[in-house]
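Asker: Below are the sequence and a predicted model; questions follow.
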Amino acid sequence: MIELKEAHTKDAAVIALLARVTFTETFGHYFRDAADLDHYLIQTFGVSKLRSSLSKPNNVFWLAYVDELPVGYAKLKLHSHSPFLNSDAVCQLQKIYVLRDFLSQKVGLALQEILLKKAQEEGFQKIWLSVLKANERAIRFYAKNGFDTFGDHDFSIGQEDFEFQVMAKDLS
């Protein structure tokens with residue numbers, strides 16, 4: 001059984017560990033230089049950085065548990081403008097990450113549902129996300145759940161260049 005809990009600053013270390021492991025499981029094989037990956041993990045998923053992010057009023061995090069084990073997390077960024085959408089009532093699905101061993105248990109879907117519910121309760125008209133073009137599994141997941149492609153952008157980490165697509169969903 002999946003249990004979802006809204007996360008708070010006290011959960012920063014758990015999210016940091018999940019973030020490092022799930023990011024490496026998902027994207028680690030794209031890095032030719034392990035030092036680039038290590039630097040990104042330290043810079044992006046440090047406990048103090050996540051504690052700071054958790055304390056910001058526009059960020060809402062959830063943790064997913066299976067049999068009392070933390071197995072995934074999600075982040076919703078409220079009031080997050082996108083250059084691809086012409087609306088002020090927009091939020092961003094910034095992260096849904098689940099440990100590889102728990103993907104088949106629909107933890108990601110449960111996290112997405114609670115995130116979309118919160119976005120609707122807050123009165124947002126649209127939600128957007130950015131997904132790696134090579135991550136076909138995630139693209140299929142979001143498309144199946146009503147997200148459409150709106151544009152593309154690039155992002156670099158160390159010597160690696162990544163191509164992303166922007167997807168969005170109408171919440172009204």
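Answerer: Right, received. Where do you want to start?

Asker: count of residues packed around the nearest residue to residue 1 once chain neighbours are set aside?
Answerer: Leaving aside its chain neighbours, residue 1 sits nearest to residue 66 (7.3 Å; criterion: Cβ to Cβ, 6 or more residues apart in numbering). Every residue, glycine included, has its C-beta placed from N, CA and C. Around residue 66 there are 18 other residues, counting by other Cβ atoms under 10 Å.

Asker: again, but for residue 118
Answerer: Number of residues near residue 118 (other Cβ under 10 Å) recorded here: 18.

Asker: Which helix or strand contains it?
Answerer: Residue 118 is part of helix 107-121, with elements assigned from DSSP states H and E.

Asker: For that helix, list every residue counted as buried.
Answerer: Using 16 or more other Cβ atoms under 10 Å as the test for burial, helix 107-121 gives 107-108, 110-112, 114-116, 118-119.

Asker: quick one: which of the residues you listed is nearest to residue 56?
Answerer: Comparing those against residue 56 with Cβ to Cβ picks out residue 118 as the nearest, at 15.2 Å.

Asker: ok, the closest one to residue 34 distance?
Answerer: Per Cβ to Cβ, to the nearest Å, residue 118 is found 36 Å from residue 34.

Asker: surely residue 51 meets residue 12?
Answerer: Yes. With the criterion set as Cβ atoms under 8 Å, residue 51 and residue 12 qualify as a contacting pair; they are 3.9 Å apart.

Asker: more neighbours, those two?
Answerer: Neighbours per residue, other Cβ under 10 Å: of residue 51 and residue 12, the larger number sits with residue 12, 22 against 17.

Asker: and that one, which of the three is it?
Answerer: Going by DSSP: H, G, I helix; E, B strand; the rest coil, the secondary structure assigned to residue 12 is helix.

Asker: residues in contact with it?
Answerer: The neighbourhood of residue 12, defined by Cβ atoms under 8 Å, 6 or more residues apart in numbering, consists of 47-48, 50-51, 54.

Asker: Any of those buried? List them.
Answerer: Buried by 16+ other Cβ under 10 Å: 50-51, 54, out of these.
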